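Asks: Need the 3D shape of this:
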Amino acid sequence: MSQRYLITGGAGNLACQLTRLLAERKAEVLLWDIADRPQGPIVGNCSYVQGDLRSLDSLRTSFRRFSPDVIIHFASLLSGSSEERRTLAWEVNMDGVFGLLELAVEFGVQRFFFPSSVASFGSPLPTPVPEDFPQWPTGLYGVTKVATERLGYYYYQKHGLDFRCLRVPIVVSSAAHTGATSSYASLAFMEACRKREFTFRVRQQTRPALVYVEDLLRGILKLLDASEESLTRRSYNLQALSPTSAEIAEAIVDRIPEAKMRFDPDPEITSLIDSWPTEFVDISSRQDWGWDPSFDLPAMADHFIAALQSRQKF
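Replies: Predicted structure coming up:
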């Protein structure tokens, strides 16, 4: 019998791309988001519902009609917006997840996945960051990520909800937010394909932890598939690759020789990104549920550029 997945933030990049993998499983998917429609193509046995995460009544209606087996909770106000609209950030990122967890218990949801973030850590940080390194974020977005990790653990211990979490590094994807500081790696590939040039606003030596979107999506499902008995923790670190920006530029030029890659570091952007983790200890992810990323820098560059160039032909 196919499982039913309710995905909040269902209009977003990760949710839309995840429908492709869930379609291979013939899963039933309900995408749930405040936006009018999904940002990208969706496939498979998938429906879309517009709703506000802050409305518990709307959520309950969807739970009652759909009876989800698994919750994937992508919905969140991001870091910049969280600083600009703190009240809304708390309502969405904290009140929203509390209501969702309550409904998950009420309706007997089997598993609940939550993506935490490198923003859950402050700075300075050791390299690599240990699995249980103290989390003292400096931004409200990171604060809500840490709080939800702890809240999920509470619901696991006290209410038996099978809560599972990944601390996600910067995601390299064609749907990366163009205005986000963390999107520089994605934009380098995208602009090289589109304009044949890109200017990095970071140092050539800058090297925060990255993960290619294809690896992340398969990692999420791999964690969700793991037996509960195999898990030794509720929140897992994820390490995939940590190339310098100079290495990214070189990988692009190797594949698009006419691309002009320049560096004009912005002190504020550089300071921010250089404060982020460059590498994580993820031994538990590898031992407990078989995390093993497929994409190193050459493989990611090959796959990502081919995908971008293929889209430009249409």
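
Asks: Let me see the contact set for residue 206.
Replies: Counting by Cβ atoms under 8 Å, 6 or more residues apart in numbering, residue 206 makes contact with 200, 244, 245, 270, 273, 274. The way it works is simple: take the backbone N, C-alpha and C, and place the C-beta from them, glycine included.

Asks: how about 6 Å then?
Replies: 245, 273, 274 (Cβ atoms under 6 Å, 6 or more residues apart in numbering).

Asks: ditto for residue 2
Replies: Contact criterion Cβ under 6 Å, 6+ apart gives 26, 27, 28 as the residues in contact with residue 2.

Asks: now, which of the residues you listed lie within strands?
Replies: For the contacts of residue 2, membership in strands holds for residue 28, with DSSP state E as the criterion.

Asks: Tell me the buried residues within the contacts of residue 2.
Replies: With neighbours counted by 16 or more other Cβ atoms under 10 Å, these contain buried members at 27, 28.

Asks: Low-confidence regions, this protein specifically.
Replies: Applying pLDDT under 70 to the chain flags residues 1, 312-314.

Asks: Could you pick out the longest helix of it?
Replies: Scanning the chain for the helix with the most residues, using DSSP state H, yields helix 140-159.

Asks: which residues are in contact with it?
Replies: Surrounding helix 140-159, the residues in contact under the criterion Cβ under 6 Å, 6+ apart are 79, 82, 86, 89, 93-94, 97, 101, 105, 114, 116-117, 119-120, 135, 137, 161, 163, 165, 234-235.

Asks: same thing but at 7 Å, please
Replies: With contact meaning Cβ atoms under 7 Å, 6 or more residues apart in numbering, helix 140-159 is reached by 78-79, 82-83, 86, 89, 93-94, 97-98, 101, 105, 112, 114, 116-117, 119-120, 135, 137, 161-163, 165, 234-235.

Asks: where do the helices sit along the stretch 51-200 of the chain?
Replies: Taking DSSP state H, counting those that start in this stretch as the test, the helices found in the stretch 51-200 of the chain are 56-66, 79-84, 86-90, 96-106, 140-159, 184-194.

Asks: Turn those helices into CSV, columns for mean neighbour count and distance to residue 45.
Replies: Compiled in CSV, those are given as follows (neighbours: other Cβ atoms under 10 Å; distance: least, Cβ to Cβ, whole Å):
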stretch, mean neighbour count, distance to residue 45
helix 56-66, 15, 12
helix 79-84, 16, 32
helix 86-90, 14, 33
helix 96-106, 19, 22
helix 140-159, 19, 28
helix 184-194, 21, 30
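
Asks: Need those helices in JSON lines (columns: distance to residue 173).
Replies: Supplementary listing: these in JSON lines, determined by distance: least, Cβ to Cβ, whole Å:
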{"stretch": "helix 56-66", "distance to residue 173": "27"}
{"stretch": "helix 79-84", "distance to residue 173": "17"}
{"stretch": "helix 86-90", "distance to residue 173": "23"}
{"stretch": "helix 96-106", "distance to residue 173": "23"}
{"stretch": "helix 140-159", "distance to residue 173": "19"}
{"stretch": "helix 184-194", "distance to residue 173": "6"}
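
Asks: Which one of those helices lies nearest to residue 308?
Replies: Among those, the nearest to residue 308 by Cβ to Cβ is helix 184-194 (4.3 Å).

Asks: Would you mind measuring from the nearest residue to residue 119 once chain neighbours are set aside to residue 112?
Replies: Setting aside the residues directly before and after it, residue 119 is nearest to residue 142 in space (Cβ to Cβ, 6 or more residues apart in numbering), at 3.7 Å. Note on residue 142: its distance to residue 112, by Cβ to Cβ, to the nearest Å, is 20 Å.

Asks: and the nearest residue to residue 254 once chain neighbours are set aside, what does it touch?
Replies: If the residues on either side of it in the chain are set aside, residue 254 comes closest to residue 301, at 7.6 Å by Cβ to Cβ, 6+ apart. Residue 301 makes contacts with 251, 252, 255, as judged by Cβ under 7 Å, 6+ apart.

Asks: 10 Å - rerun?
Replies: By Cβ atoms under 10 Å, 6 or more residues apart in numbering, the residues touching residue 301 are 172, 189, 212, 243, 247-248, 250-252, 254-256, 295.

Asks: ditto for residue 40
Replies: Applying Cβ under 10 Å, 6+ apart, we find residue 40 in contact with 11, 12, 13, 14, 15, 16, 17, 19, 20, 174, 175.

Asks: Could you dump these into CSV and include neighbour count and distance to residue 287?
Replies: As requested, these are exported to CSV (neighbours: other Cβ atoms under 10 Å; distance: Cβ to Cβ, whole Å):
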residue, neighbour count, distance to residue 287
11, 23, 35
12, 22, 31
13, 19, 30
14, 21, 25
15, 27, 29
16, 21, 31
17, 20, 27
19, 22, 30
20, 15, 28
174, 16, 32
175, 17, 31
